[in-house]
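K.L.:
Here's a sequence, model it:
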Amino acid sequence: MSKLLSELGINPQIQQALNELKITVATDIQAQVIPIILNENQDVVALAKTGTGKTAAFGLPLIQSVEVENESIQTLVLSPTRELSQQIFNNLVAYAKHSPEVKITLLTGGTALKTQIEELKSPTHIVVATPGRFLDLAEKNALDVKSLKNLVLDEADEMFQALKDDLLPILKALPKKRRTLLFSATMPGGLKDIVHNYMSKSAISVDSDMVTVGHKGIDHQYTVVEPIEKLDVLLHFLGTQQGGRGIIFCKTKAAVNKLAKNLAIRKISSGALHGSLTQGIRDRIMEQFREGHIDILVATDLVARGIDIKELAFIVNYHLPDTYEAYVHRSGRTGRAGAKGLSMTILQKEEVAEIAGFEKELGIEFKAIQKANSEAIEENNTLVWAKKVFKTKPNRQMPEELKDQVKTIFKHLTKEELIEKVLANYWKENS
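P.N.:
Next up, the predicted model:
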């Protein structure tokens with residue numbers, strides 16, 4: 001039976017903020033973790049997939065637990081990406097709306113070190129940071145963590161795989177008398193070593209019943225293509241998702257740039273997101289995506305970890321991920337908050353054998369979808385071309401005399417006749 005957040009011991013100030021955010025019912029991970037953090041002092045290892053409410057699970061009780069008279073950093077939240085850190089920070093600030101005495105600071109790249117050093121001179125109770133920026137500031141002695149009581153490792157599996165060299169020095173440097181709260185969608189072997197070496201043997205394990213909720217509503221599909229067909233099959237798929245918004249995942253930054261360029265050439269509303277872009281550009285693209293000005297995001301795995309948009313209809317694996325964990329996080333971008341979602345993987349023949357491993361390891365079932373035939377692809381490409389023409393801005397540099405000559409050639413044609421002839425010409429040149 002579902003529990004209300006108000007039944008978990010949340011104080012009135014935070015409860016007021018939650019009511020204004022229209023958050024009343026606790027998710028399974030919240031119902032389990034919040035009382036532990038409020039009433040116990042043990043470490044916690046929580047397995048919960050994306051979209052299950054992890055930020056509130058640790059954020060609400062940690063905000064409530066702040067000793068405001070102690071102006072030192074009491075809680076450190078580490079996450080693997082700037083985008084995810086920004087999202088966590090925004091959520092915590094919203095939860096603490098009516099607790100103005102609680103001071104929360106965001107420390108990520110994209111902001112000058114000097115600015116953040118100045119920020120840290122003011123009272124700070126909770127810090128949300130990426131490992132790299134935390135180390136940068138620690139090296140400059142800008143962080144005082146001697147009073148640290150709580151360390152949160154969010155998306156710990158991804159952080160360990162991608163940022164191990166940054167994470168381990170932090171774990172060694174932090175006070176040993178602290179509570180560690182580890183949240184992860186999966187528990188790969190390397191992360192088990194972290195738990196063994198840096199967490200208490202009496203750590204409480206929480207395996208959320210909602211671990212698959214984000215995936216029960218997801219339809220996992222794959223289609224098999226020849227390399228030369230890949231882009232056309234993708235375009236056809238996007239054509240079937242009219243009105244739907246989604247993310248296309250590629251393995252490398254170069255692949256993201258190439259695919260995004262191909263979509264832009266066809267006037268498909270899209271943007272690229274990868275780690276080599278400046279923070280300003282990444283923030284602008286994410287804002288456009290959140291606001292609905294961009295329908296398709298082409299991204300690498302790591303930077304997409306901070307994307308939490310409930311209206312995503314689908315994700316596409318343009319390249320099969322290297323790990324099962326990566327697939328969990330990719331597919332978890334869709335089907336959020338109880339909505340239906342679609343995870344489509346575009347494979348080459350030699351990759352099909354790998355699907356069985358994903359099914360067995362993740363407890364999911366893929367449905368094989370017949371790729372679009374040449375006729376359907378040709379028809380879709382025609383529609384893509386037509387939309388491209390429609391979105392093309394008039395060329396103001398073209399001589400008026402030339403325009404008049406062209407108009408004279410076409411002046412006796414009706415609109416329908418002109419469309420027929422232009423279509424016939426397109427098909428002749430592209431068949």
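K.L.:
show me where this protein has strands.
P.N.:
In chain order, the chain shows strands spanning 44-47, 75-78, 104-107, 126-129, 150-153, 179-184, 204-207, 218-225, 245-249, 270-273, 296-299, 312-317, 341-348, 366-368, with DSSP state E as the criterion.
K.L.:
Break the protein down into its domains, please.
P.N.:
5-211, 217-375, 393-431 (automatic domain parsing).
K.L.:
Lowest average pLDDT across those?
P.N.:
Mean pLDDT values for the domains of the chain show the minimum at domain 393-431, a mean of 82.
K.L.:
Show me how far it is from its chain's centre.
P.N.:
Domain 393-431 sits 44 Å away from the centroid of its parent chain (CA atoms, centre = their mean, to the nearest Å).
K.L.:
Ok, stretch 357-367 next?
P.N.:
How far stretch 357-367 lies from its chain's middle: 22 Å, per CA atoms, centre = their mean.
K.L.:
Could you do stretch 182-189 as well?
P.N.:
17 Å.
K.L.:
same question, stretch 247-259
P.N.:
Using CA atoms, centre = their mean, the offset of stretch 247-259 from its chain centre is 15 Å.
K.L.:
Show me which residues of that stretch are buried.
P.N.:
Ile247, Ile248, Phe249, Cys250, Lys251, Lys253, Ala255, Val256, Asn257, Leu259 (16 or more other CB atoms under 10 Å). Glycine gets a C-beta too; all of them are placed from N, C-alpha and C.
K.L.:
How about stretch 70-80?
P.N.:
Residues of stretch 70-80 classed as buried: Ile73, Gln74, Thr75, Leu76, Val77, Leu78, Ser79, Pro80 (neighbour count, 16+ other CB under 10 Å).
K.L.:
What is the most widely separated pair among those residues?
P.N.:
Gln74 and Pro80 (22.3 Å; CB to CB).
K.L.:
ok, back up a step: of the strands of the chain, which is nearest Ala356?
P.N.:
For Ala356, the closest of the strands of the chain is strand 366-368, at 9.0 Å, according to CB to CB.
K.L.:
Tell me the strands beside the closest one, with direction?
P.N.:
Partners of strand 366-368 in the sheet, by DSSP bridges, are strand 218-225 (parallel).
K.L.:
The strand it pairs with to strand 341-348, inter-axis angle?
P.N.:
20 degrees (axes from the mean of the first three to the mean of the last three CA atoms, to 10 degrees).
K.L.:
could you give the angle of strand 218-225 to strand 312-317?
P.N.:
Orientation check (the same axes, to 10 degrees): strand 218-225 against strand 312-317 gives 40 degrees.
K.L.:
Dump the C-alpha coordinates for stretch 421-431 into CSV.
P.N.:
What follows is stretch 421-431 as a C-alpha-only set of coordinates in CSV (Å, rounded to 0.1, in the frame of the first residue of the first chain):
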residue,chain,number,x,y,z
LYS,A,421,6.3,17.9,-61.3
VAL,A,422,8.6,18.7,-58.4
LEU,A,423,7.9,15.3,-56.8
ALA,A,424,8.4,13.5,-60.1
ASN,A,425,11.8,15.3,-60.5
TYR,A,426,12.8,14.4,-56.9
TRP,A,427,12.0,10.7,-57.3
LYS,A,428,13.8,10.6,-60.7
GLU,A,429,17.0,12.1,-59.2
ASN,A,430,16.9,9.9,-56.0
SER,A,431,15.8,6.5,-57.4
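K.L.:
what's that stretch in contact with?
P.N.:
Residues external to stretch 421-431 that are found in contact with it (CB atoms under 8 Å, 6 or more residues apart in numbering): Glu378, Asn381, Thr382, Trp385, Leu413.
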